[in-house]
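In: Take this sequence and fold it.
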Amino acid sequence: MSLNNYQIKLLAAILMLVDHIGVVFLPNIAIFRILGRFSFPLFMLLLVDGEKHTRNVGQYGLRLLLLGILSQPIYWLLFQSTQWNILFSLLLGLICLRLVRIFPQWRLLIWLGGGMIAQFLPIEYRAYGIVAIALIQSFRLSVIWLAGWIGLHLSLLILTPSFAPFQLPAIFVPFLLQIANHQPGQKARWFYLFYPSHLFALWLLRYLLTT
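Out: Residues are numbered from 1 along each chain as shown. Just a heads-up that it's a prediction; the model follows:
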């Protein structure tokens with residue numbers, strides 16, 4: 001069994017929707033949040049493939065930036081959060097990926113710098129997101145890679161104990177990464193627009209249910 005990038009996009013979108021339904025409407029039912037932990041790493045995988053194959057990385061980054069700005073007011077309203085939404089995390093990851101491609105000899109410093117910027121800025125997932133993108137960019141189902149992935153998540157128990165239990169299910173993400181065949185599949189022009197659209201739909205539904 002393998003999944004092309006279009007199928008990965010569908011799966012990532014569905015899991016994100018499940019996660020956000022859990023946050024907004026069913027916060028005490030853990031399975032929604034557990035399933036949601038697999039969404040962001042799939043977005044990371046698509047980002048890595050997108051950076052590798054895009055003909056215009058500037059246009060790709062601009063699309064992330066504009067959709068991130070468009071989504072932010074809805075994100076604040078829906079989640080009552082002061083963080084910047086996930087599209088800004090992906091934009092910073094894209095910048096790091098492209099810098100690593102241009103300056104491979106500075107790979108470690110670029111990822112460290114990206115992690116520090118992410119930790120300083122109020123973006124979703126902070127440094128964890130950038131380190132995870134770095135690991136997914138070098139994904140190989142090997143003992144060393146798995147040790148790094150598991151170690152990243154176990155380190156959260158010490159560094160961010162409030163975040164760790166929430167994110168620990170992502171330890172099992174390599175099983176999904178392994179079945180990705182990195183083939184494009186059919187076009188998915190709806191994919192990034194799905195993010196602000198589903199946030200708005202959830203906010204509107206909550207508003208209608210509570211007024």
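In: quick one, what contacts the residue nearest the centre of the chain?
Out: The residue at the geometric middle of the chain, judged as the C-alpha nearest the mean C-alpha position with Cα atoms, centre = their mean, is residue 40 (3.0 Å). Contacts for residue 40 (Cβ atoms under 8 Å, 6 or more residues apart in numbering) come out as 16, 86, 125, 129, 132, 170. To be clear about C-beta, it is placed using only N, CA and C from the backbone, and glycine gets the same treatment.
In: Quick check: the fourth one touching residue 93?
Out: Yep, that's residue 129 we're talking about. Yes - between residue 129 and residue 93 a contact is recorded at 6.8 Å, counting by Cβ atoms under 8 Å.
In: what residues do the two have in common as contacts?
Out: With Cβ under 8 Å, 6+ apart as the test, residue 129 and residue 93 both reach residue 44.
In: rewinding a little: among the contacts of residue 40, give me the pair with the biggest separation.
Out: In the contacts of residue 40, the most distant members under the criterion Cβ to Cβ are 16 and 132, with 15.7 Å between them.
In: list the helices and strands the lowest-mean-pLDDT helix or strand in the chain packs on?
Out: Of the helices and strands making up the chain, the lowest-confidence element is helix 164-167, at a mean of 85, by mean pLDDT, DSSP states H and E. In terms of contact count using 3 or more Cβ pairs under 8 Å, 6 or more residues apart in numbering; DSSP states H and E, helix 164-167 is assigned the packing partners helix 143-159.
In: Show me what counts as buried in the helix it packs on.
Out: Residues of helix 143-159 classed as buried under the neighbour-count rule (16 or more other Cβ atoms under 10 Å) are 145, 149, 152-153, 156.
In: who's in contact with it?
Out: Here helix 143-159 makes contact (Cβ under 8 Å, 6+ apart) with 128, 131-132, 135, 138-139, 163-164, 167-168, 170-171, 173-174.
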